[in-house]
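Participant: My questions are about this predicted structure, shown below with the sequence.
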Amino acid sequence: MIAVVNQKGGVGKTSVCLHTAGVLAETGLRVLLIDMDEQGNLSSVFVDDPNSLEYSINDLLDDEPEVDPDEVIQQTRFENIDILPANITLSNVAERLAGIDDAQFFLLEAIQDVQKSYDTVLIDCPPSLSRATRMAMVAADGVLIPIECQEWAFSGSNKVLRLVNQVRKRVNQDLEVIGFVINKYNPRRALEQDYNKALRQQYGDQIFRTEFRNNVEYTEAATLRMPISFYKPASEQADAFRMFVKELF
Ligand SMILES: Nc1ncnc2c1ncn2[C@@H]1O[C@H](COP(=O)(O)OP(=O)(O)OP(=O)(O)O)[C@@H](O)[C@H]1O
Ligand SMILES: [Mg+2]
């Protein structure tokens, strides 16, 4: 189970979840996507109107949830991809669970049984190191961090690593940092090249060799509500995700 985390917005967490799921699905692996972001961006790809759903992930995040995960999981029009959708109801999760220490375990408890039906679970986190992200880290075995080649990447990454260490020390000893994956890379910009080198120097083989270029086809695919490997199966962009998945597993 992999949590895709970065408190910076727009770095590509949702995109990485979507396109990685597509590659896994095309190779016949069963994937469960979990949307932990109240924006519901990932859910919107697979569900017509996430805000009108009867149940969403929010209903499972409770000491004694009133619904069963099976009632919340949505099959999608893509074989091998299911999703636990999120919507705006998740926005008050921090308030709702304030003061409940055990709340950090609620996602883990909710999916403990259902996860066995899948080869991989990918959790799309919100752009913050909030309650929802912590729940994802408590449930996950690994953390994957999409980054852009920018100044901010260093300080932001360190914040994520600090939270990983905290969760590891207190709650989930087995949580590992799977690595950083560079997204939206434009190699024609000298500054980005410099940051790319600097990041690779600092984090070494914690950074995936595969990089995702800044390319409009990723956005087109998401807008047309498809993983890139279904939208443009023969493209370089789809191949990049195939290479990434080979590195990942
Ligand atoms: N490699 C890429 N090239 C071009 N556009 C990209 C790439 N990756 C993602 N995008 C686009 O950038 C925008 C932000 O990406 P995405 O929503 O995946 O980021 P995010 O980290 O999930 O954002 P948030 O923090 O708001 O959840 C989207 O419009 C997406 O289609
Ligand atoms: Mg997102």
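Facilitator: Noted; the coordinates are in hand. Please read all numbers here as calculations on a predicted model, not as lab measurements. Numbering: from 1, shown residues only. Ligands and ions are numbered 1, 2, ... in the order given.

Participant: which strands and helices sit next to the helix ranked longest in the chain?
Facilitator: If you go by DSSP state H, the chain has its longest helix at helix 152-170. Counting by 3 or more C-beta pairs under 8 Å, 6 or more residues apart in numbering; DSSP states H and E, the packing neighbours recorded for helix 152-170 are helix 131-139, strand 142-147, strand 176-182, helix 190-203. C-beta: built from backbone N, CA, C; applies to glycine.

Participant: tell me the contacts of the residue lying closest to Asp205 once chain neighbours are set aside?
Facilitator: Nearest residue to Asp205 in three dimensions, chain neighbours excluded: Gly179, at 7.9 Å (C-beta to C-beta, 6 or more residues apart in numbering). Gly179 is in contact with 144-145, 205-208, counting by C-beta atoms under 8 Å, 6 or more residues apart in numbering.

Participant: hmm, back to that, with mean pLDDT and distance to Met243 added, can I get the helices and strands packed on helix 152-170 in TSV?
Facilitator: Shown next, in TSV, are the helices and strands packed on helix 152-170 (pLDDT from 0 to 100; distance: least, C-beta to C-beta, whole Å):
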stretch	mean pLDDT	distance to Met243
helix 131-139	97	25
strand 142-147	98	15
strand 176-182	97	11
helix 190-203	95	17
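
Participant: out of these, nearest to Asp102?
Facilitator: Proximity to Asp102, assessed across those by C-beta to C-beta, is greatest for helix 131-139 (10.3 Å).

Participant: Show me what the closest one packs onto, helices and strands only.
Facilitator: By 3+ C-beta pairs under 8 Å, 6+ apart, helix 131-139 packs against strand 2-4, helix 93-96, helix 106-111, helix 152-170.

Participant: Tell me which of the ones you listed is the most buried.
Facilitator: strand 2-4 (a mean of 27; mean count of other C-beta atoms under 10 Å).

Participant: hmm, back to that, and the residue nearest to Asp205, how far from Gln39?
Facilitator: Distance, Gly179 to Gln39, by C-beta to C-beta, to the nearest Å: 25 Å.
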